[in-house]
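Visitor: the following block contains a protein sequence and its predicted model.
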Amino acid sequence: MAKEQLLTPSPSPPPPTPTSTLPAQINVATRKQHTLLNRLIIDRLPLALPPYASDPALLGQGLAAFSRIFLVFEEAWDALDSENVVARCGETVSERRLATLRPKALRRSSRLKVDVEHIAQRAGVKSFATTSAQLAMLERMALEIQLKPHVLIAYGWVMYMAIFSGGRWIRQQFTNAGTEFWTPQPGGMQGEQEKVHSSGLPGFTFLFFEGEQDGEDIKAEFKARLAEADSLLTQDQRQDVIDAAQRLFEDCIALVEILDREVLWQKIWSKLPATIGCIAMALVTFLLYYFSRSGSWTPY
Ligand code: HEM
């Protein structure tokens, strides 16, 4: 009987219910942070668009900061790609599998680079600076991915789904800003409005996807591949992914706070010459008045 019991195959685990899939667990674990981040972005975005902003300089600063997260994790993902790397030393089967999880058409880096460059040109700056606080964050991300490549799933899920969910709303706000906001010469891009729906205007092409379905097919493919790979991760690795997703949301929130501080300092610096001028004028006026009244000072 005991032998019979041993030979009887243990019942296979039930198919994952929608709430037990890794993406669903990430969503549950990050819901609070998503709500906060959502609010932070929704509150700030209008300030970087018309009628508050006449050019996309401020927007470019924010976009450049978020784009660097894509550059870091996509570069790491590219490096894992088994087509590019001939069986790296120490590479595990799941790492090789990880490399194939992301449909190539999801990659946003090249579009983001072009968009940020375009905005910088439009705003009349060479590039958007990376502060030391941002650099430290990016270095930590790169290290985390290097140590635990499976956390790329967290980066991919959070950042690509951001493009497909909130990104659709953001895209509409960007489109509403009008071609003249995005391009230097008014009227110089005739017919661009029609193009907006297929490839986007220079400045926010990263929010558009190749093909008839505007990326919905690519998103579905990514979700399907993730679902297939779900069972490959150990319990510890799943937890790593969920923790990394939470950290990533925290980092995005921190990034908004860093940007807030940068913008505040820029405002203070830009007003500094005028403020110093006013103070100097007031001081001179006061001194002239004081010495002329006291008679203790004569110019000659
Ligand atoms: C960097 C900022 C953001 C990140 C990282 C982010 C990330 C995510 C993720 C991972 C999901 C889950 C997607 C899914 O389950 O299919 C999601 C859903 C969603 N996001 Fe965001 N998001 C961001 C900003 C925004 C903003 C600004 C909005 C505002 C409109 C927004 C609106 C939504 C909506 C409506 C959903 C769908 C919720 C649902 O299906 O229950 N997101 N976002």
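Guide: Arrived safely, thanks for sending. Every value quoted in this text rests on a predicted model; they were computed, and no experiment measured them.
Visitor: switch to C-alpha atoms for all contacts and neighbour counts from now on
Guide: Fine.
Visitor: what about Ile279, how many residues close to it?
Guide: 12 (other CA atoms under 10 Å).
Visitor: within the helices and strands, which one has it?
Guide: Here Ile279, judged by DSSP states H and E, is contained in helix 235-294.
Visitor: any weak-confidence spans in the stretch 151-300 of the chain?
Guide: The model of the stretch 151-300 of the chain has pLDDT under 70 over residues 185-198, 295-300.
Visitor: distance of the residue of it found nearest the ligand relative to Leu207?
Guide: Closest contact between the stretch 151-300 of the chain and the ligand, by CA to the nearest ligand atom, is at Gly166 (3.2 Å). Taking CA to CA, to the nearest Å as the measure, Gly166 falls 10 Å from Leu207.
Visitor: what parts of the protein come near the ligand?
Guide: The chain comes close to the ligand at residues 27, 38, 41-42, 157-159, 161-162, 165-166, 169, as judged by CA under 6 Å from any ligand atom.
Visitor: residues contacting Leu259?
Guide: By CA atoms under 8 Å, 6 or more residues apart in numbering, the residues touching Leu259 are 61-62.
Visitor: nearest residue to Leu40 other than its sequence neighbours?
Guide: Val256 (7.4 Å; CA to CA, 6 or more residues apart in numbering).
Visitor: ok, the one you found - how many residues close by?
Guide: With neighbours defined by other CA under 10 Å, the count for Val256 comes to 18.
Visitor: mind listing what it touches?
Guide: 40-41, 62.
Visitor: out of those residues, who's nearest the ligand?
Guide: Closest to the ligand, out of all of the contacts of Val256 and judged by CA to the nearest ligand atom, is Ile41, at 5.1 Å.
Visitor: once you drop chain neighbours, what's closest to the closest one?
Guide: In space, and not counting its chain neighbours, Ile41 is closest to Val256: 7.9 Å by CA to CA, 6+ apart.
Visitor: how close does the one you found get to Ala154?
Guide: Taken as CA to CA, the span from Val256 to Ala154 is 20 Å.
Visitor: Leu255 too?
Guide: Relative to Ala154, Leu255 is positioned 18 Å away (criterion: CA to CA).
Visitor: who has more neighbours, those two?
Guide: A direct count of neighbours by other CA under 10 Å for Leu255 and Ala154 places Ala154 higher, at 23 against 18.
Visitor: one step back: just the buried residues out of the contacts of Val256, in ChimeraX syntax.
Guide: Burial among those is assessed by 16 or more other CA atoms under 10 Å; the matching ChimeraX selection reads:
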select :62
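Visitor: how many other residues sit next to Ala57?
Guide: The number of residues packed near Ala57 is 20, by other CA under 10 Å.
Visitor: show the pLDDT at it.
Guide: In this prediction, Ala57 carries a pLDDT score of 96.
Visitor: on that earlier part again, out of the residues of the chain next to the ligand, which are buried?
Guide: Neighbour-count burial (16+ other CA under 10 Å) applied to the residues of the chain next to the ligand gives 27, 157-159.
Visitor: which members of these occur in strands, if any?
Guide: Nothing among these maps onto strands, per DSSP state E.
Visitor: now, the most widely separated pair of the residues of the chain next to the ligand?
Guide: Greatest spatial distance among the residues of the chain next to the ligand (CA to CA): Ile42 and Trp157, at 20.9 Å.
Visitor: tell me the pLDDT at the most centrally placed residue in the chain?
Guide: Geometric centre of the chain, nearest residue: Phe66, 3.0 Å, by CA atoms, centre = their mean. According to the prediction, Phe66 has pLDDT 98.
Visitor: dump the residue contacts of it.
Guide: 252, 255.
Visitor: now it: which helix or strand?
Guide: Per DSSP H and E: helix 57-80 holds Phe66.
Visitor: would you mind identifying the next helix or strand past that helix?
Guide: helix 93-99.
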